[in-house]
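# Structure, please.
(chains A and B)
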Amino acid sequence: LAKTTQPISMDSYEGQEVNITCSHNNIATNDYITWYQQFPSQGPRFIIQGYKTKVTNEVASLFIPADRKSSTQSLPRVSLSDTAVYYCLATPPDDYKLSFGAGTTVTVRA
Amino acid sequence: GAVVSQHPSWVICKSGTSVKIECRSLDFQATTMFWYRQFPKQSLMLMATSNEGSKATYEQGVEKDKFLINHASLTLSTLTVTSAHPEDSSFYICSASPDYQQFFGPGTRLTVL
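Here you go, the predicted structure:
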């Protein structure tokens, strides 16, 4: 499983866009990039997944450059309830085992 | 999305006792479920892969005789922490998948006194 590296923490204010960049220099050809969100004392929740270029859903956007060595998850117009830990993972399509890194603690302030 | 439940949500036990945690997939069948452990301020660590009808696969460093896993049906996996000690106090989370996406349970907070 490819290792991912992300900032330990990020601070933001309500209404701002939050961009979290994840490095995955050794990502395998078949790996997808998957992001999870975790609130304290809860299980992680799937946010978004992509392979290349751009993916957007109702929660976030995921930008993946052509070399796929990094990716950026964008959270538009964050609110206080978006305060959480966000995990970036490189996941093979046929292996459901997940390897979580340290994640990024995003704190949104009023 | 698919729903995974855990029971109990929290448990307090005395040192030396055993505790069973259940993980259920409520609206799908899961031949494979995963158990994770998370200590305060740390990330999730995969403990084992639970396989329906066969033995679980444990990650390196996880004692299989201490953390007993039973996957008796396609919707239920149980994790039993045997002879629990204070160092086993942690947040235990399971996950399951009906397709390519993993769905996580709400977690079980275990406190061993």
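# Distance of the residue of chain A found nearest chain B relative to residue B:15?
Nearest to chain B in chain A, going by CB to the nearest CB, is residue A:43, at a distance of 3.3 Å. C-beta here means a position set from N, CA and C on the backbone, and glycine is covered the same way. The gap separating residue A:43 from residue B:15 is 26 Å, by CB to CB, to the nearest Å.
# repeat for residue B:49
Distance from residue B:49 to residue B:15, by CB to CB: 28 Å.
# okay, these two: which has more neighbours?
residue B:49 (19 against 12; other CB atoms under 10 Å in any protein chain shown).
# Close to chain B: what parts of chain A are there?
A:41-46, A:49, A:87, A:93, A:96-103 (CB under 8 Å from any CB of the partner chain).
# Please indicate which of those are buried?
A:43-44, A:46, A:49, A:87, A:96, A:98-103 (16 or more other CB atoms under 10 Å in any protein chain shown).
# right, is stretch B:34-50 up against chain A?
Yes. Using CB under 8 Å from any CB, we find that stretch B:34-50 touches chain A at B:34, B:36, B:43-46, B:49.
# need those in a markdown table with pLDDT and secondary structure, can you?
Below are those laid out as a markdown table (pLDDT from 0 to 100; DSSP: H, G, I helix; E, B strand; the rest coil):
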| residue | pLDDT | secondary structure |
| --- | --- | --- |
| B:34 | 95 | strand |
| B:36 | 97 | strand |
| B:43 | 94 | coil |
| B:44 | 95 | coil |
| B:45 | 96 | strand |
| B:46 | 95 | strand |
| B:49 | 93 | strand |
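# Is the residue most central in space within chain B in a helix, a strand, or coil?
The centre of chain B sits closest to residue B:35, judged by CA atoms, centre = their mean, with a distance of 3.9 Å. Following DSSP: H, G, I helix; E, B strand; the rest coil, the label given to residue B:35 is strand.
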